[in-house]
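>>> Here's a sequence, model it:
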Amino acid sequence: MKPEDRQHDIVEMLVEVGSASLEELSQRFGVSKMTIHRDLDELEKEGLLRKVRGGATIEASGQFESDFRYRARQAAEEKRQIARRAARFLEPGMSVMIDDGSTSQNLVPFLVNKRPLSVITNNLAIIEGLSGVSGIELITVGGTYSRKFNGFFGVLALAALENLRADIVLLSSSAIDGRTVFHQDQEVLEVKRRMIASSARRFLMVDHEKFGRTALHLMTTLDVFDGVVTTRALPEAKARALMDQGVRLYFAEEE
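You can find the predicted model right below:
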């Protein structure tokens with residue numbers, strides 16, 4: 001097996017299992033631990049995994065965000081409920097910006113029910129889900145494709161967003177600590193910031209596990225959002241502390 005093929009398969013394995021030891025990887029691919037070490041070094045440089053003592057993981061940390069496929073499996077039903085609740089802020093005829101987040105890709109069926117809409121996005125899952133759907137004006141944000149985030153980023157994406165305006169933005173983030181929103185990847189958060197700046201109303205979609213975490217880069221503060229959409233799985237003490245500070249919380253369980 002060529003090194004690039006083996007490295008591809010290592011990432012695919014971690015998407016399935018989250019973490020693996022050097023011993024497991026060595027046995028799985030029939031090569032030495034030293035060869036696996038070199039593979040992991042290359043993949044870590046590409047930002048596709050992170051090495052840990054005795055192996056590797058694709059799970060997120062304060063400096064590393066995981067592959068979108070792995071994230072999509074985490075709290076999947078909660079994310080679907082959040083997306084359904086967030087879609088209630090939309091009305092037919094609106095223009096909406098949507099980011100690359102794993103929660104965001106759950107919006108597709110709820111967007112279809114809100115037609116006609118103009119949808120502006122860098123999220124390939126949403127592009128594929130809405131492509132050719134009548135009543136949806138789909139405006140794709142070009143740029144450099146990231147297989148890790150399944151979206152488009154970089155100078156071209158930022159330039160496109162600079163010249164667009166939307167009624168509303170629905171986006172997500174990987175970490176919230178107090179009133180501060182964070183993300184691990186600078187290129188990703190720059191697109192999110194530009195979407196925020198280009199939208200009249202702004203809503204953040206986050207599952208309960210994102211609260212109480214920090215990440216490498218500060219993205220913004222919660223006061224820029226018209227509301228934060230989450231679920232009742234957020235501990236009541238944390239929810240109350242945020243509401244006492246003026247943060248408007250919307251819970252997916254609310255009808």
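
>>> Go through the biggest helix by length in the chain and flag the buried ones.
Using DSSP state H, we find that the single longest helix of the chain is helix 3-17. Buried residues in helix 3-17, counted by 16 or more other CB atoms under 10 Å: 6-7, 10-11, 13-15. All C-beta atoms are positioned from the backbone trio N, CA, C, and that covers glycine.

>>> what do you get for stretch 85-105?
85-87, 89-90, 94-105.

>>> Can you check the distance spanned by it, start to finish?
14 Å (CA to CA, to the nearest Å).

>>> Run the chain-centre distance for that stretch.
Relative to its chain's centre, stretch 85-105 lies at 14 Å (CA atoms, centre = their mean, to the nearest Å).

>>> same thing with stretch 106-118?
Relative to the centre of its chain, stretch 106-118 is centred 19 Å away, using CA atoms, centre = their mean.

>>> Check stretch 40-52 too.
Taking CA atoms, centre = their mean, one finds stretch 40-52 lying 19 Å from the centre of the chain it belongs to.

>>> again, but for stretch 151-160
16 Å.

>>> Can you list the buried residues in the strand or helix carrying Met195?
Assigned by DSSP states H and E, Met195 belongs to helix 186-197. Using 16+ other CB under 10 Å as the test for burial, helix 186-197 gives 187-196.

>>> re earlier: among the buried residues of helix 3-17, which two are most distant?
The largest separation in those, counting by CB to CB, is between Arg6 and Val15 at 15.0 Å.

>>> The nearest residue to Asn150 once chain neighbours are set aside: what's it in contact with?
Nearest non-adjacent residue to Asn150, counting by CB to CB, 6 or more residues apart in numbering: Phe68, 4.4 Å away. By CB atoms under 8 Å, 6 or more residues apart in numbering, the contact set of Phe68 is 100, 102, 125, 148-151.

>>> now, which of those residues lie within helices?
Using DSSP H, the contacts of Phe68 in helices are Ala125.

>>> For the protein, name the helix or strand with the lowest mean pLDDT.
Lowest on mean pLDDT, DSSP states H and E among the helices and strands of the chain sits helix 68-73, with a mean of 88.

>>> Which parts of the protein are helices?
3-17, 22-29, 33-45, 68-73, 76-86, 108-112, 124-130, 155-162, 186-197, 236-244.

>>> want to throw those into a markdown table with distance to Thr144?
What follows is the helices of the chain, written out as a markdown table (distance: least, CB to CB, whole Å):
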| stretch | distance to Thr144 |
| --- | --- |
| helix 3-17 | 19 |
| helix 22-29 | 29 |
| helix 33-45 | 17 |
| helix 68-73 | 15 |
| helix 76-86 | 26 |
| helix 108-112 | 23 |
| helix 124-130 | 12 |
| helix 155-162 | 7 |
| helix 186-197 | 9 |
| helix 236-244 | 35 |
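
>>> Mind telling me which of those the model trusts least?
Sorting those by mean pLDDT places helix 68-73 lowest, at a mean of 88.

>>> Extract the C-alpha set from that one and format it as PDB.
These are the backbone C-alpha positions of helix 68-73, laid out as PDB (Å, rounded to 0.1, in the frame of the first residue of the first chain):
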ATOM      1  CA  PHE A  68     -16.700  17.100  10.000                       C
ATOM      2  CA  ARG A  69     -17.800  13.400   9.600                       C
ATOM      3  CA  TYR A  70     -16.800  12.600  13.100                       C
ATOM      4  CA  ARG A  71     -18.400  15.800  14.500                       C
ATOM      5  CA  ALA A  72     -21.600  15.000  12.600                       C
ATOM      6  CA  ARG A  73     -22.000  11.800  14.600                       C
END
